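A.B. asks: Give me a 3D structure for the following:
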Amino acid sequence: KPNKISSLIMTTKNFCNSPECEMHTFVLHVGLRGNHSDEKIEALKAELAVFLKTQPENSRNIQQHLVGFLNVLLDRINTLVWVDKIGSSFFIVISVQDGKNMVVWALHQSLNRLRHQASKVVGQFLTDREQVPLLELPKVLEEDVKDFIPTHGE
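C.D. replies: Next comes the predicted model:
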């Protein structure tokens with residue numbers, strides 16, 4: 001007959017085996033920004049980050065949401081958005097009528113390990129991958145931290 005402790009251990013072991021309870025985040029990288037201002041790029045990234053927290057599984061929903069948001073943000077009617085899901089990540093191309101196109105990657109990053117959570121905290125305060133060696137972190141963490149540094153495009 002199982003006692004309370006063994007039942008608790010079994011429940012804990014099986015607690016997070018499903019994809020629904022996976023801890024994750026999306027790191028946003030802007031590869032191409034057109035001639036858009038820093039404010040507009042940051043607004044786009046903020047909107048995308050919030051949306052990905054609530055509906056990360058459906059590229060069509062992301063596309064429809066971004067078209068509406070960008071038409072307001074950029075004061076344009078003819079904004080086209082193409083979203084390609086690659087694994088759990090997204091590749092987003094934004095085509096603007098005047099040719100000031102943008103490319104954004106929303107890279108899925110697992111947070112199921114403490115080292116990934118710590119890397120995320122450190123990475124979000126850095127602006128360049130070249131800063132990582134200056135922190136004198138253990139070598140095993142350097143690449144993880146670099147994965148969480150957002151980029152802003154050129």
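A.B. asks: use CA for all of it now, contacts and neighbours both
C.D. replies: OK.
A.B. asks: Spatially central residue for the protein, please.
C.D. replies: residue 26 (1.8 Å; Cα atoms, centre = their mean).
A.B. asks: So what's the gap between the strand or helix carrying it and the chain middle?
C.D. replies: Per DSSP states H and E, residue 26 falls inside strand 24-32. Distance of strand 24-32 from its chain centroid, counting by Cα atoms, centre = their mean, to the nearest Å, is 4 Å.
A.B. asks: what's next to it, contact-wise?
C.D. replies: 45, 49, 52-53, 89, 101-112, 148-154 (Cα atoms under 8 Å, 6 or more residues apart in numbering).
A.B. asks: Which of those fall in helices?
C.D. replies: Judged by DSSP state H, the subset of these located in helices is 45, 49, 52, 53.
A.B. asks: any idea how far the first one is from residue 146?
C.D. replies: If I follow you right, that is residue 45. Residue 45 sits 19 Å away from residue 146, going by Cα to Cα, to the nearest Å.
A.B. asks: Would you mind telling me which of these two has more residues around it?
C.D. replies: Taking neighbours as other Cα atoms under 10 Å, residue 45 and residue 146 compare with residue 146 leading, 22 against 19.
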